[in-house]
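Asks: A predicted structure for the sequence below; I have some questions about it.
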Amino acid sequence: MHAELDYVELAKTVKDWAVELGFARAAISGVDLAHAEQGLLDWLAAGYHGEMDYMARHGLKRARPAELVPGTLSVISVFLPYLPPGAAAAEENLADAERAYLSRYALGRDYHKVLRNRLQQLAERLAARIGPFGHRVFVDSAPVLEVALAVNAGQGWRGKHTLLLNREYGSFFFLGELFTDLPLPADAPMPDEHCGRCTRCIDVCPTQAIVAPYQVDARRCISYLTIELKGSIPVEFRPMLGNRVYGCDDCQLVCPWNRFAVTTEEADFQVRHGLDAATLVELFAWSEADFLARMAGSPIYRIGYEQWLRNLAVGLGNAPRSAAVMAALQARADDASELVREHVTWALAQHAGRTDLG
């Protein structure tokens, strides 16, 4: 259908357009991810996906782009940095047990819409140049092995924490993909040797979720426990959460490559509602109406108010004992939610067992 096109030149043009649309980089992957299939099967067989049933539901389609979207010949991989400039330092926030730590990617607006809209604009610009073509946009929204595709495209390499690392940008960025039926020439993968003998990400993980290099047991991961897990957080992990109430960045914060991380220029990723330095007590006092209004348009919105309170209750159980902390917990000791009550009861018991009256 597009046989007359110069695909080499078109690939270069697409990458230029992607940067014009605000992405830091764009690169192109082929559709052969056979090298990733066994690792996916082994990870699922070990049960490391926990309650994330969607990880297993599509089987090997996740590693076969042309089966997931029939006709796919190439995948355009993009990434967009998300660290908001001027945000309170993550390390300071983690060190202050009275504050609530939220993963840096969640301090602003929901990234899904931002990246999806940009990728759709890229597709529309491409269609305006060459005519209709088959395509589909993905932003962390379907069974796509986005890191494997990005590695294939030369966007970086997989770190031992399983996230994508890039020499110039570190790992604090979002990934997105545009599947196409165009035979665009693939970029060369990057050699996977830039982590060397470093194990900082493995060593720092509060719950030891990185069970081996390049292998994460999601059931132990704080991001899973605070976001994906819908029920009760296992008691053994609660003290390890510290003040992390939405996600965890520890493995990224200690990574030497993130000294090259850049801040974002995206207005949508700027800090909202003081979430970079809010206290646990302050957030625990939000009503459901407060949560729904303030978290509208935020990735945090999807966990819902009940899970939000559950996470904060654990954080308060780990916080230094104070009159404000105790009052906050006692105010929700009879909460309408059994899930919230359970975690508040645990938090109060934590303080009852302490001798530091702070």
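Replies: Cool, the structure landed.

Asks: centre of the chain to the lengthiest helix in the chain, how far?
Replies: Taking DSSP state H as the criterion, the chain has its longest helix at helix 111-130. Distance, stretch centre to chain centre, for helix 111-130: 21 Å (CA atoms, centre = their mean, to the nearest Å).

Asks: wait, residue 195 sits on residue 163?
Replies: No: in this structure residue 195 lies outside contact range of residue 163 using CB atoms under 8 Å: 11.1 Å. C-betas here are computed from N, CA, C, even on glycine.

Asks: OK, contacts around the residue lying closest to residue 263 once chain neighbours are set aside?
Replies: Spatial nearest neighbour of residue 263, excluding adjacent residues (CB to CB, 6 or more residues apart in numbering): residue 85 at 4.0 Å. Residues counted as contacts of residue 85 (CB atoms under 8 Å, 6 or more residues apart in numbering) are 263, 264, 270.

Asks: who wins on neighbours among those residues?
Replies: Of all the contacts of residue 85, the highest neighbour tally under other CB atoms under 10 Å goes to residue 264, namely 20 neighbours.

Asks: excluding its backbone neighbours, what's nearest that one?
Replies: Leaving aside its chain neighbours, residue 264 sits nearest to residue 81 (4.7 Å; criterion: CB to CB, 6+ apart).

Asks: quick one on the thing from earlier: SS state for the residue nearest to residue 263?
Replies: Following DSSP: H, G, I helix; E, B strand; the rest coil, the label given to residue 85 is coil.

Asks: I'd like to know how far it sits from residue 312.
Replies: Plainly put, residue 85 is 27 Å away from residue 312 if you go by CB to CB, to the nearest Å.

Asks: ditto for residue 163
Replies: 26 Å.

Asks: more neighbours, these two?
Replies: residue 312 (29 against 19).

Asks: the spatially closest residue to that one that is not a sequence neighbour: neighbour count?
Replies: Excluding its sequence neighbours, the residue lying closest to residue 312 (CB to CB, 6+ apart) is residue 284, at 4.6 Å. Residue 284 has 22 neighbours, counted by other CB under 10 Å.

Asks: in contact with residue 284, which residues?
Replies: Applying CB under 8 Å, 6+ apart to residue 284 gives the contacts 309, 312, 313, 316, 328, 329, 332.

Asks: can you put the contacts of residue 85 in TSV and add distance to residue 201, secondary structure and pLDDT?
Replies: Below are the contacts of residue 85 laid out as TSV (distance: CB to CB, whole Å; DSSP: H, G, I helix; E, B strand; the rest coil; pLDDT from 0 to 100):
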residue	distance to residue 201	secondary structure	pLDDT
263	21	strand	94
264	22	coil	94
270	27	coil	96
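
Asks: now the residues you listed as JSON lines including distance to residue 220?
Replies: As requested, the contacts of residue 85 are exported to JSON lines (distance: CB to CB, whole Å):
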{"residue": "263", "distance to residue 220": "30"}
{"residue": "264", "distance to residue 220": "29"}
{"residue": "270", "distance to residue 220": "32"}
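
Asks: just give the number of residues close to residue 153.
Replies: 25.

Asks: contacts only, for it.
Replies: Residues in contact with residue 153 (CB under 8 Å, 6+ apart) are 27, 28, 29, 75, 77, 186, 187, 189.

Asks: closest one to residue 39 out of those, please.
Replies: residue 189 (15.5 Å; CB to CB).

Asks: before we move on, which element is that closest one in?
Replies: According to DSSP states H and E, residue 189 maps onto no helix or strand at all.

Asks: number the residues from 22 up from this point.
Replies: Done: numbering now begins at 22, and the last item shifts to residue 210.

Asks: so it sits against residue 170, correct?
Replies: No: if you go by CB under 8 Å, residue 210 and residue 170 don't touch, sitting 10.5 Å apart.

Asks: quick one: which of the contacts of residue 305 sit in helices?
Replies: Mapping those onto helices (DSSP H) picks out 330, 333, 334, 337, 349, 350.

Asks: my read is that residue 238 contacts residue 230, right?
Replies: Yes: using CB under 8 Å, residue 238 is in contact with residue 230, at 5.5 Å.

Asks: the more surrounded of these two?
Replies: With neighbours defined as other CB under 10 Å, residue 238 and residue 230 compare such that residue 230 has more, 25 against 19.

Asks: on that earlier part again, which residues does the longest helix of the chain contact?
Replies: 23, 26, 31, 34-35, 38-39, 42-44, 97, 99, 101, 103, 126, 154, 156, 158, 160-162, 195, 197-199, 201, 203, 287, 289-290, 320.

Asks: can you list the helices and strands that the very next helix or strand once past it packs against?
Replies: As assigned by DSSP H and E, the chain's next helix or strand after helix 132-151 is strand 156-159. Packed against strand 156-159, as judged by 3 or more CB pairs under 8 Å, 6 or more residues apart in numbering; DSSP states H and E, are the following elements: helix 132-151, strand 194-201.

Asks: the ones you listed: which one's closest to residue 178?
Replies: Comparing the helices and strands packed on strand 156-159 by CB to CB, strand 194-201 comes nearest, at 13.6 Å.
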